[in-house]
Each structure stands twice: as structure tokens, then as C-alpha cells.
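Colleague: Fold the stuff below for me.
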Amino acid sequence: MSAPTDGGRLDTILAAFTATTMIAHQVAAKTARDSLFLTYFDVTWLPTVTIAAALVSAAAVLLFAGLLARRGPARLIPPIYAASGVLFALEWLFMSGQPQVMSILLFLHISALGSILISGFWSIINERYDPYQGKRVIARLAAAATLGGLLGGVAASAVASVVDPRAILIMLALMHLLCSLALGHVARGAMAQSAGVASMPTHRLLLEPLKRSGLIRRMALLVALVAINAAVLDYLLKSAASAELGADPDRLVHFFSSFYVIVGLGGFLLQTFVGNRALRWLGLGGTMAALPAFVLTGGLFAFLLRHLMATALLRAGTAMFYNSFFRAGFESLYTPIPARDKRASKLLIDVGADRTGDMLGGLVVMLILLAPAMATENLLFAAAGLLSLIIGFLIFSLHRGYVRQLTSNLRDGTLSAADITATDATTQRTIALTQTAVNRDDLLREIARSRRDIPKATVEAAAVLRASAVSDPVVEAIMELRSGDAERIRRVLVGRTLSADLLPHVIPLLTREDVLRDVFRAVRPLASSASGQLVDALLERRTHPLVRRRLPLILSRADNLRAVQGLLDCLDDEGPDVRLRCGQALNRIRSNHAHLVFPVDRLWTCIRAELAGLKAGAAIGREQEDEGLHHLFNLLGVVYSPEISEICYRSLSGDDPGLRGTALELLDNQLPQDIKQLLWPAIAPGHKVEGQKRALQDIARDLLRGSPFRGKGGGDLGDTRNADGMDR
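Modeller: Numbers count the residues shown, from 1 in each chain. Model (predicted):
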């Protein structure tokens, strides 16, 4: 209901503007780079300039990485945006006199600074917002960046049509200068976090993870091979564009602007609607393998048609699958890498291996161009197909190496299952199987240690018990639940009535999206009878955060004071999401079981603590603080009436002045004076707290009669579609 202060809201608006402008600039810059280069140079020069751009980019990244480590992105990135804008203006100024020199400079400029500035922007955002704020802000910025990808291509095409293709450079200069000003304001909030950053790792420290880990070596090799393949496909596209469109800058601008818009939008749609599902269905290896599989099939299609549009679809589809499927799977490969190696290995892989691949790709294309002209295109398609096959084999090798490394780290304690948010089938299965094996090994070791001191008769009796346990249905069910296999787990959850002795093995499954609905359906009937076990898991701070957020949804079905007490005990939890869920659960129990006696004094203490934690300037209707105030109204509903409290909350944030006034009158009449003094600045800024003379029942009757929200409440806590929204 409320949001950050005006300064915080302004920062978010400026950050969204920067994200939109930054990605629009990236699309327009690539359009200008490719179209102007092909206007003034033959396409055969592309491998040479690609190699040069990769060298300049690698040097720039290493230089700025050291500067960023010492000064922080908040101080460094806005001035670099301004300098880049000035450089674009100078390139436009001299383009008419020295078009070839400026085209090369433009190619190097965009290649060297593009990734640095985008990475720097996200570094500032990560330092400006804490993780709780960042979840919402980054989602909005991602949407703004998607919009920017569409606007950039359209703007480049429009400027080229109305003025001149070279005028795109002036547009690029203005966009980067605007980014500098907007980001400079946002970065002021990140200055404190930027201070005291450790210096950049040395070259030796960068190479040490590569020596220690076979997984890191194979990841670097994979990135290099993908970059080589991209360079080959890029040359095929630009060669076909140059042959069909000639050196006409207008046609080239329109073609490349449309191409980059389609790539950005298609990659976003793939990742949004298919990417996460692919990770759950196919695992890491299968998700990443979609990239080489597409190149093989799309490459065969383009090879047979030999047309610009077919080649463009091949290159666009490759970029889309890389930005969605491949990157989603590849980022998960960093999970088992130790923290001390992760930062260095990421820089080494994402920058070093990628730039090395660009250079090697340019050399591969140059070698192929030495062949007779008639065979060049055939050899390029053959090289792309061969590289795709090698990439596919390497992906499945990486998949096996990832599983081995993750299993090893879990076994030796280097990595804890509680520290991993597993969104893919591979990681979920590996964690489940490893934990089962570790528990079994621990048990066998304990038995072996004990046998030395146990009489022979006792050992024989234990053997009989172990043999009989194999046919024990509870033991069999536990083995199925801990198998990690979704179908085996569902058979237990759906095929039988869950008993309390299985509950400790079911509760950890609340982290798994693929069986979540089945877990909820199986555990809900135990909400009252096993509320003690559920509360114990909720109060245990070492329980997985997802489990602690989802347990209140189950406890909301309970009908006893044990569940109420446990939910109350969590109202002082450090996690805002946990407190919100517990308040919702208490509200529902209050609605369904009015006979239960709730400790009102304890609730008022929690309400006062939440009010004291409201940020200065919080006001109704502002989204950033909405959950905090909604939580307060949930707690007020537990004290008074859940329905009346929910209607007040909705009326105060609505547009009907009559309902808003009636809600304020009701709260003014009902709430203690100290509560009103703290709450009023958020729900009625500028209004004084005034005692009302009307009878409380008359006010409530007017509110219920006029409210369109009656009976809607806050949503069914048992509906996992609504309840799990903020978990993901």
C-alpha cells in the first residue's frame, strides 16, 4: 500500500528510464555498427575487425574491472556513460570526412564499452537496493529493458528514414548522456555500499580455479566453442545481407533494426514462458542442448534454401536460444563451484573465454575464406554443424561433471542443500539422491561401529529386523519420498492418506515446484492433528526459507491454539515474507474458528512493532510498502473482524472518497490512540485524528453496505496459484 519515500520512488523511475534507454541504445548501436560497416567495407573484412574488437574488449574489461574494484560502479559508471556519449558525437562529426576510419572506431567502441556499461548498471542496482527491495525493482527494470529493446530498433529505423543513417550516432550520443544523468542520481544511493571493495584478483588468482576444477575448464571450453560458432553464423548472416541488400545504408539499417528487435523480443518470450519449465522438464543438460540442436536443424534448413531470410532466422533463433535456454542452464552450473572460486571463474569464463572464442571464430572464418569462393558458404555451414555436434557432446560431459561435483560437495560438506535454490530437475534429483546416500552411509557406519560391542544374538536380531523393514510400508514410503523422482513421490502423496510419521520427510518437499500442489493436498488434512510438527518446522530458523514461507499456508487450516501460538511466535521473524504469511494464516483461522481465544495483548505488541518499522514517508497506495501495511491490516483483522479489516484496507487504497471516509471513521472510532498516531500518517496524511460520535455498528453497517469488496477478502490462502506468487 505504501512505497518508498519520494526520493526512493524517483530513483526507481530513473533506474527504469536508464534500463529502457540503455537497452534501446544497445539495439540501435548494433544496428548502426553493422549497417555502417557493411556500407563502407566488404564483408570479408568482418573477421579481422571482429578479432580486433575482441582484443580491445578484453583489454577494456580487465582495465575497468580493476577500476571498478577500487572505486566502485556508483562512482565510475555514470562518467563512462558521459564519455561514451561524447565519443559517439565525435564519431558522427567526423563520419562524413573519414567514413571508413569512423566505422572501424564505432565497431571497436561499441564492442569495448557495451557489455561494461550494461554490467555496471546492474552492479549499481545491486548495491543501491537491498535483496528484499531488489526482487520487485529488478523485475520492473527487466520489463523496462524489454521495452527498450523494442524501442531501440524502431528508433534507429525511424531516424535513418527521416534523416540519414549516420544521424543514428547523434541519437546514440544523446541516449548515453541521458543515461549518465539519470544513473548518476540513482548511484548516489549506492555510494556507501561501493566503498571498501577489495582490489581485483590478480592474473594468478584468475587462473587458479581453472587449474583446480575440471568443471570450470569444461565450462570455459563450452563458452569459447559457442562464441566461435556464433562468429561463424554471424558472418553467414552479414555475408547474405551484404549480397542481397548491397551497400545501401537505408536498407541495411531497416534489416538489422528489425533483426535485433525480433531477437530481443523472442528471447524474452522464450525465457518467460518456456525457460523455467525447460529446466524442470529437461534438466541442465537437456536445456542447454536445445541450442546446438536448433543450430543443426535450422542450419540444414538455411543450407537448403540459401536465402537471406532463412539465414536470418537461423542466426536470430540461435541468439534467442542462447539468451534464454542456454544461459538459464549455464548459470546453474556455477552452483557447486566454491565461493572462493566463483567470482574469479565467472570473470574468467564470461569475459576471457567469450572473447577468446570471438577471436578464434574470426580466425576460423578467415581460414575458410582462403578456400575457393564457390566452396566458402558450404564450408561455413559445415563448420557451424560440426561445432554444434562438438558443443552437444561437451554439454552432456558437463552435465555428468556437474552432477559429480555437486554430489562431492554435498558429501564433504563444502555445500549445504539448504544453501541451494534448485529450480532444475538435475539439481533437485542430485540433492535428493545425495542426501539419501549420505544418510544411509552414516547409518551403516554407525551400525559398523556398534557391532563390536553388541552380542552376537543382538546382531542376529537386528538383521531380522532389517529384513522385515524392507516390507514395512512406512519405510518403503520414506524411500520413495526421498528418492528425488517426482513420479515416485507423487505415488506416495496421491495414493495414500498421509500419516504423521511421514510428515518430516514431506515437509522438505515444499521447496519443489514440480510436486508442490500434491504436497499441499496431502499435508492440509494434517494441519490440526500434526500442527505441533508443522509449527516446530516453522520456528526452526535453519529450515529452508521457501518451506518457512509456505508452512503458514498449511497451518491456516488448523483449528487449535497450538497453531495460533506458533504463528504468533513467528510474527517477530526477520523475514517480512514469513511475517506476512503468518498474519494471513492467523486472519484465516480467526475467520473460520471464531470460538478460539486469541491473545490480544500479544497482537497489539506485534502491531506496534510493525508500525514502528514503517519507513518514513510511507503512504497508502504506494506499492513498495504495500505488503507491510497489508500485514498490519491482517493483524487488525485478527483483533477485530477479518472481513471489516480487509474492506477498510481496500477502501483506503481505492478511489471512492465516500468509502475511504467511512473506513477512516471506523478506524478512528475503534483503534487505540497511540496506534492511530502511528498509523494515520500512512493511511490519511494531512488529516488529524478526531474522535467520532457515531455508533460503531452504524459505521460498520455503512461500510459493508457500500463496499464492492464484501466477500472477496484477501484471496484463498489454500490456492497455491495465489499463495506462491512471491516465492518465485
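
Colleague: Quick one: classify Arg542 as helix, strand or coil.
Modeller: Secondary structure for Arg542, judged by DSSP: H, G, I helix; E, B strand; the rest coil, is coil.

Colleague: What average pLDDT does whichever helix in the chain runs longest get?
Modeller: Secondary structure of the chain per DSSP state H: the longest helix is helix 373-412. Regarding helix 373-412, the rounded mean pLDDT is 84.

Colleague: That one: which residues count as buried?
Modeller: In terms of neighbour count (16 or more other C-beta atoms under 10 Å), helix 373-412 has its buried residues at 376-377, 379-381, 383-385, 387-388, 390-392, 394-395, 398-399, 401-403, 405-407, 409-410. Placement of C-beta: from N, CA and C, glycine included.

Colleague: what's stretch 388-399 in contact with?
Modeller: 215, 218-219, 221-222, 225-226, 229, 283-285, 288-289, 291-293, 295-296, 299, 333, 426 (C-beta atoms under 8 Å, 6 or more residues apart in numbering).

Colleague: Buried ones among the residues you listed?
Modeller: Buried members of the contacts of stretch 388-399, scored by 16+ other C-beta under 10 Å, are 215, 218-219, 221-222, 225-226, 229, 283-285, 288-289, 291-293, 295-296, 299, 333, 426.

Colleague: and stretch 287-298, average pLDDT?
Modeller: The average pLDDT within stretch 287-298 is 92.

Colleague: Give me the contacts around that stretch.
Modeller: Under the contact criterion C-beta under 8 Å, 6+ apart, stretch 287-298 has outside partners 226, 229, 233, 275, 278-279, 282, 313-314, 317-318, 321-322, 325-326, 328-330, 384-385, 388-389, 391-392, 395-396, 398, 424.

Colleague: How about the contacts made by Asp559?
Modeller: Contacts of Asp559 by C-beta under 8 Å, 6+ apart are 528, 589, 592-593, 596.

Colleague: rerun that using 6 Å as the cut-off
Modeller: Residues in contact with Asp559 (C-beta atoms under 6 Å, 6 or more residues apart in numbering) are 528, 593.

Colleague: just use 22 as the starting number from now, easier for me
Modeller: I'll keep to 22 as the first residue from here, and by that count the last item is Asp580.

Colleague: any idea how this protein splits into domains?
Modeller: The chain resolves into domains spanning 22-221, 230-443, 596-744 when parsed by automatic domain parsing.

Colleague: My guess is Glu631 contacts Leu653. True?
Modeller: Yes - using C-beta atoms under 6 Å, Glu631 makes contact with Leu653 at a distance of 5.3 Å.

Colleague: Please name every helix or strand in contact with the one helix or strand Ile575 maps to.
Modeller: Ile575 belongs to helix 566-576 when assigned by DSSP states H and E. Applying 3 or more C-beta pairs under 6 Å, 6 or more residues apart in numbering; DSSP states H and E, one finds that helix 566-576 contacts helix 552-560, helix 597-613.

Colleague: nearest to Ser577, of those?
Modeller: Nearest of the helices and strands packed on helix 566-576 to Ser577, taken as C-beta to C-beta: helix 597-613 at 3.8 Å.

Colleague: In the closest one, which residues are buried?
Modeller: 598-612.

Colleague: now stretch 660-679
Modeller: For stretch 660-679, a neighbour-count test (16+ other C-beta under 10 Å) marks 660-675 as buried.

Colleague: Nearest to Ala579 among these?
Modeller: Minimum distance to Ala579 across the buried residues of stretch 660-679 is 15.8 Å, recorded for Pro663 (C-beta to C-beta).

Colleague: On the pLDDT front, check Leu335 for me.
Modeller: pLDDT, Leu335: 94.

Colleague: Next, the buried residues of the helix or strand harbouring it.
Modeller: If you go by DSSP H and E, Leu335 is part of helix 329-342. Across helix 329-342, burial judged by 16+ other C-beta under 10 Å covers 329, 331-342.

Colleague: could you measure Thr42 against Leu202, distance?
Modeller: Remark: distance between Thr42 and Leu202 (C-beta to C-beta, to the nearest Å) = 10 Å.

Colleague: Looking at those two, which has the bigger crowd around it?
Modeller: Shown here are Thr42 and Leu202; by other C-beta atoms under 10 Å, Thr42 has more neighbours (23 against 15).

Colleague: any idea how far that one lies from Phe324?
Modeller: 39 Å.

Colleague: now Pro94
Modeller: 44 Å.

Colleague: And for Gly406?
Modeller: Gly406 is 8 Å from Phe324, by C-beta to C-beta.

Colleague: Repeat that for Cys603.
Modeller: Cys603 is 60 Å from Phe324, by C-beta to C-beta.

Colleague: Also Thr293?
Modeller: Relative to Phe324, Thr293 is positioned 31 Å away (C-beta to C-beta).

Colleague: okay, these two: which has more neighbours?
Modeller: Under the criterion of other C-beta under 10 Å, the comparison of Thr293 against Phe324 puts Phe324 first, with 19 against 12.

Colleague: Now do the helix or strand hosting the more buried one and helix 394-433, the angle between them.
Modeller: Here Phe324, judged by DSSP H and E, is contained in helix 297-326. Helix 297-326 runs at 160 degrees relative to helix 394-433, counting by axes from the mean of the first three to the mean of the last three C-alpha atoms, to 10 degrees.

Colleague: How far off centre is helix 297-326?
Modeller: Here the centre of helix 297-326 is set off from its chain's centre by 22 Å, with C-alpha atoms, centre = their mean, to the nearest Å.

Colleague: Ok, stretch 552-565 next?
Modeller: 27 Å.

Colleague: buried sites along it?
Modeller: Going by neighbour count (16+ other C-beta under 10 Å), the buried part of stretch 552-565 is 552, 555-556, 558-559, 564-565.

Colleague: In a markdown table: those residues, plus pLDDT and distance to Ile145.
Modeller: Output for those, formatted as a markdown table (pLDDT from 0 to 100; distance: C-beta to C-beta, whole Å):
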| residue | pLDDT | distance to Ile145 |
| --- | --- | --- |
| Ser552 | 89 | 46 |
| Leu555 | 92 | 42 |
| Val556 | 91 | 42 |
| Ala558 | 90 | 38 |
| Leu559 | 89 | 37 |
| Thr564 | 86 | 34 |
| His565 | 87 | 31 |
